[in-house]
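Student: Have a look at this prediction, sequence included:
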Amino acid sequence: MRDAQKTDIKSLSLEQLQKEMTDMGEKPFRAKQIYRWMHVRLARSFDEMTDLSRELREKCKAAYSYTCLEQIRMQESKLDGTRKYLFRLCDGNLVESVWMKYRHGNSVCISSQVGCRMGCRFCASTLDGLERNLTPSEMLDQVYAIQLSTGERVSNVVVMGTGEPLDNYDNLLIFLRMLTDGNGLNISQRNVTVSTCGLVPKMRELAEQHLQITLALSLHATTDEKRRELMPIAKQYSIRELMEACRYYFEQTGRRITFEYSLVGGVNDTNRDAEELSALAGPLGCHVNLIPVNPIKERDYVQSEGARIRAFQNKLEKNKINGTIRREMGRDIDGACGQLRRRILESSKAPDALQDIGGSSAW
Ligand code: SAH
């Protein structure tokens with residue numbers, strides 16, 4: 001359980017844990033043992049750490065909180081095997097995560113916040129605003145829970161679920177370091193992607209960390225005017241400032257930025273938009289991910305026609321821009337960000353609705 005008074009042990013780095021152990025009068029190697037139980041063997045409680053003395057386990061229980069997610073629901077797509085998980089956090093909040101199986105490995109998409117305050121018009125995650133940030137351990141737990149549930153190694157992690165990761169910057173950085181730490185799951189930094197709506201100062205700070213992760217920028221429009229209509233954050237940072245931050249990220253890390261571009265029918269999908277997008281992506285050597293917008297019932301945005309999407313991609317190709325139409329994974333299982341959590345929260349307002357959740361199991 002998470003207890004606000006106690007230190008969240010799963011969010012501590014190995015060095016911090018070593019100090020904790022010595023302060024407790026324990027040998028420093030105990031830290032490595034516990035770290036391994038938490039981050040490699042994915043133990044769900046101190047009681048699973050059978051090579052620690054009972055006394056030490058009790059001492060740990062008294063001193064630390066141990067986060068665990070409770071699986072509330074899992075939906076598997078009949079179309080492509082994508083799985084969407086809904087987890088309950090210790091304080092009762094709900095987060096969703098997605099598991100996708102690709103030829104190159106298994107990818108997990110995690111949430112970084114409960115809700116979001118960025119207000120992007122087409123996104124379901126932001127409709128009720130921000131509830132709170134996730135801790136590093138709660139971000140790790142999503143990956144761990146899914147690896148335990150599927151029994152398959154997770155090779156890629158994308159921070160593209162609910163929330164704006166750079167709005168939870170400090171916890172995100174701790175999470176990234178622990179996820180890619182050789183003493184933990186040891187996921188290659190190159191297999192980690194963080195997606196942002198474009199918080200320019202934080203993009204620059206992240207660049208200075210010199211991580212080998214991929215930064216994805218949710219661009220979605222090629223003029224400030226249009227972007228402001230879709231994304232309130234565009235009122236704070238212009239596309240010019242964004243492009244400068246992208247260039248800086250590339251200079252500092254050697255990693256090319258990916259642009260995310262959700263195609264919204266009649267809004268940002270003309271040939272002219274494709275030309276302007278090419279002009280932005282070309283000089284930076286960006287890869288463009290085209291995402292047919294996933295309509296949410298609260299807004300009346302529609303997907304571009306299939307032929308329009310292909311024409312848009314062709315235009316990019318002619319301009320030598322690499323553009324991939326993102327396969328729509330899990331369309332039949334509330335695939336769009338925040339849809340599942342929202343549906344369950346809405347239904348839970350009705351009496352007895354939680355019974356509908358079923359399949360509950362702690363992991
Ligand atoms: N806050 C971060 C990450 C979360 S959203 C960001 O803005 O990048 C992950 C991606 O999905 C973003 O590109 C976001 O704009 C996009 N997205 C959100 N809702 C969508 C929807 N209904 N259809 C298509 N893309 C959507």
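Tutor: Yes, it's here. Numbers count the residues shown, from 1 in each chain.
Student: What are the boundaries of the helices in the stretch 251-363 of the chain?
Tutor: Under the criterion DSSP state H, counting those that start in this stretch, the stretch 251-363 of the chain contains helices at 271-284, 306-318, 339-348.
Student: could those go into JSON lines alongside mean neighbour count?
Tutor: For every residue, glycine as well, the C-beta is placed using N, CA and C. Below are the helices of the stretch 251-363 of the chain laid out as JSON lines (neighbours: other Cβ atoms under 10 Å):
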{"stretch": "helix 271-284", "mean neighbour count": "18"}
{"stretch": "helix 306-318", "mean neighbour count": "15"}
{"stretch": "helix 339-348", "mean neighbour count": "18"}
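Student: out of the ones you listed, which comes closest to Glu131?
Tutor: Comparing the helices of the stretch 251-363 of the chain by their distance to Glu131 (Cβ to Cβ), the top pick is helix 339-348, with 10.5 Å.
Student: Just list the residues touching Asn191, thanks.
Tutor: With contacts taken as Cβ atoms under 8 Å, 6 or more residues apart in numbering, Asn191 has the following neighbours: Gly105, Ser155, Asn156, Val157.
Student: Please repeat the previous calculation with a cut-off of 7 Å.
Tutor: Contacts for Asn191 (Cβ atoms under 7 Å, 6 or more residues apart in numbering) come out as Ser155, Asn156, Val157.
Student: again, but for Ser111
Tutor: Contacts for Ser111 (Cβ under 7 Å, 6+ apart) come out as Val95, Glu96, Ser97, Leu134, Gln142, Gly161, Thr162, Gly163.
Student: picking that back up, lowest average pLDDT across the helices of the stretch 251-363 of the chain?
Tutor: Lowest mean pLDDT of these: helix 339-348, a mean of 66.
Student: could the contacts of Asn191 go into a markdown table alongside pLDDT, secondary structure and neighbour count?
Tutor: Compiled in a markdown table, those are given as follows (pLDDT from 0 to 100; DSSP: H, G, I helix; E, B strand; the rest coil; neighbours: other Cβ atoms under 10 Å):
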| residue | pLDDT | secondary structure | neighbour count |
| --- | --- | --- | --- |
| Ser155 | 97 | coil | 15 |
| Asn156 | 97 | strand | 18 |
| Val157 | 98 | strand | 29 |
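Student: Could you dump the residues you listed into CSV and include distance to Leu86?
Tutor: Compiled in CSV, the contacts of Asn191 are given as follows (distance: Cβ to Cβ, whole Å):
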residue, distance to Leu86
Ser155, 23
Asn156, 21
Val157, 18
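Student: circling back to that earlier point, tabulate the helices of the stretch 251-363 of the chain (CSV), appending distance to the ligand.
Tutor: Converted to CSV, the helices of the stretch 251-363 of the chain look like this (distance: least, Cβ to the nearest ligand atom, whole Å):
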stretch, distance to the ligand
helix 271-284, 14
helix 306-318, 13
helix 339-348, 8
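Student: Tell me which of those lies nearest to Gly119.
Tutor: For those, distance to Gly119 was read as Cβ to Cβ. The smallest value, 15.1 Å, belongs to helix 339-348.
Student: who in the stretch 101-250 of the chain is up against the ligand?
Tutor: The stretch 101-250 of the chain has residues Met118, Cys120, Phe122, Cys123, Met160, Glu164, Ser195, Thr196, Cys197, Ser218 near the ligand, with proximity defined as Cβ under 6 Å from any ligand atom.
Student: Now do the contacts for the second one.
Tutor: The one in question is Cys120. Applying Cβ under 7 Å, 6+ apart, the residues contacting Cys120 are Thr126, Cys197, Leu230, Met231.
Student: still on that earlier bit, out of the helices of the stretch 251-363 of the chain, which gets nearest to Glu20?
Tutor: Across the helices of the stretch 251-363 of the chain, Glu20 has its closest neighbour in helix 339-348 (33.8 Å, Cβ to Cβ).
Student: Pull out the buried residues from stretch 228-239.
Tutor: Within stretch 228-239, the residues that qualify as buried by neighbour count (16 or more other Cβ atoms under 10 Å) are Leu230, Met231, Pro232, Ile233, Ala234, Tyr237, Ile239.
Student: Quick one: residues in contact with it.
Tutor: The contact list for stretch 228-239 (Cβ under 7 Å, 6+ apart) reads Met118, Gly119, Cys120, Arg121, Phe122, Cys197, Gly198, Val200, His220, Ala221, Asp224, Arg227.
Student: tell me which of the buried residues of stretch 228-239 is nearest to Glu317?
Tutor: Comparing these against Glu317 with Cβ to Cβ places Ile239 closest, at 22.4 Å.
Student: Distance-wise, check that closest one relative to Pro201.
Tutor: 16 Å (Cβ to Cβ, to the nearest Å).
Student: and Arg41, how many neighbours?
Tutor: Look at Arg41: counted by other Cβ atoms under 10 Å, it has 11 neighbours.
Student: before we move on, the earlier item: let me have the buried residues of stretch 228-239 in CSV, extended by secondary structure and pLDDT.
Tutor: Listed next are the buried residues of stretch 228-239 as CSV, based on DSSP: H, G, I helix; E, B strand; the rest coil; pLDDT from 0 to 100:
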residue, secondary structure, pLDDT
Leu230, helix, 97
Met231, coil, 98
Pro232, helix, 98
Ile233, helix, 98
Ala234, helix, 98
Tyr237, coil, 98
Ile239, helix, 98
